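Visitor: Turn this into a model:
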Amino acid sequence: MESKGISEKDLIEQSPSAALSGVERLRDAYLSLMEKCLAGTIYQDKAFQAVGQGIYDASIREVGRDWPSMAHTMIGVRRLSNLRTLAERVIQERIPGDLIETGVWRGGACILMRAVLHAYNVTDRRVWVADSFEGVPAPDPQKYPADNGSDYHKFLELSVPLETVRGNIEKYGLLDAQIVFLKGWFKDTLPSAPIQRLALLRLDGDLYESTIVALNALYDKLSSDGYVIVDDYHVVPGCKHAIHDFLASRNIAPQIREIDGVGVYWQKP
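Guide: Predicted coordinates for the structure are as follows:
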């Protein structure tokens, strides 16, 4: 790094605090650019007409209420920012464990989590990428009545093959041994997944079943002070129902914090 013609070595010797701020500035620039690319705001990526007008609307993308046609995530600007903040906090506060998203679509949120690890030179944590890679499962209303009427399984836009997600991660130079794929329905993969401990659990399964199965399988592996992020809390009634059924079953009442009017998160006591 150079600063006004001064070498990094000289800069550190002259002013260690100035050198540190330089690292932080570059880290922020890298992660901020990642967020803009992943959300598609940097090139104003249009939305699918399936759930919108087929145009780019910055105010809608801000809160992730459209399905981008090319961008690698649909969670929007604010939920991406929230994910980055919590992933950085996990590192800064030394909360032990890996990071996982259950329901990844094109992989954008996982890409951001891996980018955060890269930006902080963290080599002892992994990002778990859990998905069917075949879209959302058909609802099972007999077992999970809250999913009755869900039609997410009919949208082909929600089905993204594993190789496509793998390719997306590789495009950012972040595909390595710290990325672990869990392919299959959550009921088949999550209970037996070889995950030792988690620091951050991001849920984006679009159904009651997908949400409750993930919580039952993974919550006990989440470290104290670790974070749970729920992407669909305010827009998928079955998801919200699953969250409160789970919390009631554990007799716990964490402080649920708002993100953008769609997603929420809480910190495990």
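
Visitor: Just the helices from the stretch 151-269 of the chain, written as ranges.
Guide: For the stretch 151-269 of the chain, helices defined by DSSP state H, counting those that start in this stretch occupy the ranges 162-171, 186-189, 208-218, 237-250.

Visitor: now, of these, which is deepest in the fold?
Guide: helix 208-218 (a mean of 24; mean count of other Cβ atoms under 10 Å). Bear in mind the C-beta positions are built from the backbone N, C-alpha and C, glycine included.

Visitor: In contact with residue 255, which residues?
Guide: Contact analysis of residue 255 by Cβ atoms under 8 Å, 6 or more residues apart in numbering lists 266-267.

Visitor: Make 565 the starting number, not 1.
Guide: Noted, 565 is the first residue going forward, which turns the last one into residue 819.

Visitor: tell me the phi and psi of it?
Guide: In terms of degrees, to the nearest 10, the main-chain angles of residue 819 are phi -80, psi 110.

Visitor: got it, and residue 737?
Guide: Torsion angles, degrees, to the nearest 10, at residue 737: phi 70, psi 30.

Visitor: Going toward the C-terminus from the lengthiest helix in the chain, what's the next helix or strand?
Guide: For the chain, the helix with the greatest residue count under DSSP state H is helix 580-603. Tracing the chain past helix 580-603, the next element assigned as helix or strand by DSSP states H and E is helix 622-626.

Visitor: and that following helix, what other elements does it pack with?
Guide: helix 640-656 (3 or more Cβ pairs under 8 Å, 6 or more residues apart in numbering; DSSP states H and E).

Visitor: Could you check the angle whatever helix or strand comes next after the helix it packs on makes with helix 772-782?
Guide: With elements assigned by DSSP H and E, the helix or strand that comes after helix 640-656 is strand 662-666. Here the directions of strand 662-666 and helix 772-782 differ by 160 degrees (axes from the mean of the first three to the mean of the last three Cα atoms, to 10 degrees).

Visitor: Show me what the mean pLDDT comes to for strand 662-666.
Guide: Strand 662-666 comes out with an average pLDDT of 98.

Visitor: Lowest-scoring secondary structure element of the chain by mean pLDDT?
Guide: One helix or strand of the chain scores below all others by mean pLDDT, DSSP states H and E: helix 572-578, with a mean of 58.

Visitor: Was I right to think residue 719 contacts residue 699?
Guide: Yes: with contact defined as Cβ atoms under 8 Å, residue 719 counts as touching residue 699 (7.2 Å).

Visitor: Looking at these two, which is more packed in?
Guide: residue 699 (18 against 15; other Cβ atoms under 10 Å).

Visitor: And that one, how far from residue 639?
Guide: Residue 699 is 17 Å from residue 639, where distance means Cβ to Cβ, to the nearest Å.

Visitor: Give me the pLDDT for residue 614.
Guide: 64.

Visitor: Kindly report the same for residue 706.
Guide: With respect to pLDDT, residue 706 scores 94.
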